[in-house]
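this one's sequence-less:
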């Protein structure tokens, strides 16, 4: 999504409020019901006992950061710039009062997902889910094209850095557009941010994308997005301030062609989310994403 996409309702209709058609993901409550499947459940139980949380890139690095920087000709020059507040001591009352309906915030230290992170390494995901068929989406605002193929084929053949010259409809990657129950046991071990909004139901969207990939500007309902491996850069505008962008150009192209000409007052809120950090985005906020590394991420939508 590559940041995020909303789930479908129980009748199959997508929860859409800003896009043309937004693909579905596995609902959080459905994940709980499906996790009881004996095969994947037993496998994941053994997996959990063997997994040892640790640092590193999880085996997801493609080449070097310097190599990709050369490929993009220095387009990403402000990756450490952050104009979104970071909070490590936020209470629920303060979250609702200051952020839930007003502005984004980066959350730190609310949950411990070190075990989930260990299970999301390249080796472990391929061992358990390599044969699963996943649905890839194009990296344009309305996600026109869909391609189904085995997860292992995607990882080994398509998970590469973004070509700066490619359009969004020429870029395919995996960011949660599926309802396959095989992922449910993995989601059971994810600790979602504890903050909720009244009247909403959480649903997960899991994704893996190459360096330089991302989704151009779009909007939908509120949610959280956590980086498991890599780094993900976000650009956000409030609902009343629609950004200038081409729906079929990549975020990388926008950063190269449009961003440099923006006056300071026209620039978005922006921040690079590191592994273990969670970004909260309010309802209807415009946002675009850019994966600075090969990134593994999971979003919790409040639909």
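Alright, I've got the coordinates. Small disclaimer: the values here were computed from a predicted structure and weren't measured.

how about the helices in the stretch 101-250 of the chain?
Secondary structure of the stretch 101-250 of the chain, counting by DSSP state H, counting those that start in this stretch: helices at 114-119, 122-129, 151-153, 184-187.

check contacts around residue 238.
The contact partners of residue 238, by C-beta atoms under 8 Å, 6 or more residues apart in numbering, come to 103, 285-286. C-beta: built from backbone N, CA, C; applies to glycine.

also residue 102?
Taking C-beta under 8 Å, 6+ apart as the criterion, residue 102 is in contact with residue 282.

residue 236 too?
Listed by C-beta under 8 Å, 6+ apart, the contact set of residue 236 reads 84, 104, 268-270, 281, 285-287.

please, where are all the strands along the protein?
Along the chain, counting by DSSP state E, strands occupy 86-87, 105-107, 133-138, 146-150, 172-173, 202-209, 223-229, 231-237, 269-274, 278-281, 286-291, 295-302.

I'd like those as CSV, with distance to residue 196 and mean pLDDT appended.
Output for the strands of the chain, formatted as CSV (distance: least, C-beta to C-beta, whole Å; pLDDT from 0 to 100):
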stretch, distance to residue 196, mean pLDDT
strand 86-87, 17, 96
strand 105-107, 13, 98
strand 133-138, 27, 82
strand 146-150, 31, 86
strand 172-173, 29, 76
strand 202-209, 7, 90
strand 223-229, 10, 97
strand 231-237, 21, 96
strand 269-274, 20, 96
strand 278-281, 11, 98
strand 286-291, 20, 94
strand 295-302, 7, 94
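
with distance to residue 185 as extra columns, can I get these in CSV?
Shown next, in CSV, are the strands of the chain (distance: least, C-beta to C-beta, whole Å):
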stretch, distance to residue 185
strand 86-87, 31
strand 105-107, 25
strand 133-138, 16
strand 146-150, 19
strand 172-173, 23
strand 202-209, 12
strand 223-229, 16
strand 231-237, 25
strand 269-274, 26
strand 278-281, 22
strand 286-291, 26
strand 295-302, 14
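
separation between the nearest residue to residue 239 once chain neighbours are set aside and residue 269?
Using C-beta to C-beta, 6 or more residues apart in numbering and skipping the chain neighbours, the partner closest in space to residue 239 is residue 284 (4.1 Å). According to C-beta to C-beta, to the nearest Å, residue 284 and residue 269 sit 14 Å apart.
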